[in-house]
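Asks: sharing a model that was predicted from the sequence below.
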Amino acid sequence: MNEAILNYTSHLYGHVVLIVATTAALLLAMLIDLISGVQKARARGEATTSQGFKKTCEKARKYFGPYIVLICIDLLACVLIPVPAFSMLWAAYCIFCEFKSVREKSWQKEELRKAEKTLSVIIENKDDLAKLVAAVLFEQQEQARAVIPAPEPEPEPVPVEPDELESTCASEVCAYRGKGICHYKAGQFCPMYVKK
């Protein structure tokens with residue numbers, strides 16, 4: 001019995017050592033990201049404020065909440081699993097995220113912040129933006145109406161003196177053939193008829 005307890009405690013100590021090592025690696029990655037973020041902010045000419053440091057604290061809360069739960073699961077499962085796999089996988093994911101954050105270029109972060117500011121201005125002034133878009137569309141419609149002339153209405157048939165036209169139409173497709181009327185304006189003869 002004593003041998004089983006000693007075996008369990010040594011196995012538990014091995015888990016604890018690995019968990020402490022992954023926690024230290026995670027804290028070190030967060031510290032490197034914090035230092036890198038401060039340097040990038042200074043390079044962009046931004047002031048380092050407490051708001052930026054609060055983001056690091058918020059990130060730590062997001063990382064360590066699930067991490068502690070996974071540590072508890074690993075400690076409970078230490079009899080079955082030889083290493084604290086769950087907490088190590090989570091720590092590896094968090095360290096990868098920190099690595100990506102450190103590798104981001106300073107100008108990429110600046111562009112993202114500019115896009116965020118632009119979107120926030122648009123959202124704040126959405127009523128003004130809607131009025132502006134409506135005014136531009138209305139102006140474009142007015143310009144389109146001014147450029148494209150309205151089509152002339154179809155002229156109404158005008159009676160034509162029968163002596164001005166031959167009795168038969170020059171075209172077989174004329175709708176007014178042989179009716180003695182012309183569908184052109186007064187004084188104009190239908191091209192479908194032949195003058196005498």
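Replies: Perfect, thanks for sending it.

Asks: list the buried residues in the strand or helix carrying Phe96.
Replies: For Phe96, the element it lies in under DSSP states H and E is helix 85-103. Neighbour counts over helix 85-103 (16 or more other Cβ atoms under 10 Å) mark 86-88, 90-91, 94-95, 97-98, 101 as buried. C-beta coordinates here come from the backbone N, C-alpha and C atoms, glycine included.

Asks: which other helices and strands contact the longest helix anywhere in the chain?
Replies: Among all segments of the chain classified by DSSP state H, the helix with the greatest residue count is helix 2-44. Applying 3 or more Cβ pairs under 8 Å, 6 or more residues apart in numbering; DSSP states H and E, one finds that helix 2-44 contacts helix 50-76, helix 85-103, helix 106-124.

Asks: tell me the mean pLDDT for that helix?
Replies: In this model, helix 2-44 has an average pLDDT of 84.

Asks: go on, stretch 118-131?
Replies: 75.

Asks: ends of it, what's the gap?
Replies: In stretch 118-131, first residue to last residue: 18 Å (Cα to Cα, to the nearest Å).

Asks: name the residues of that stretch that are buried.
Replies: Here stretch 118-131 shows no buried residue, counting by 16+ other Cβ under 10 Å.

Asks: and that stretch, how far from the chain's centre?
Replies: Distance of stretch 118-131 from the chain centroid (Cα atoms, centre = their mean, to the nearest Å) equals 16 Å.

Asks: go on, stretch 22-34?
Replies: Distance of stretch 22-34 from its chain centroid, counting by Cα atoms, centre = their mean, is 32 Å.
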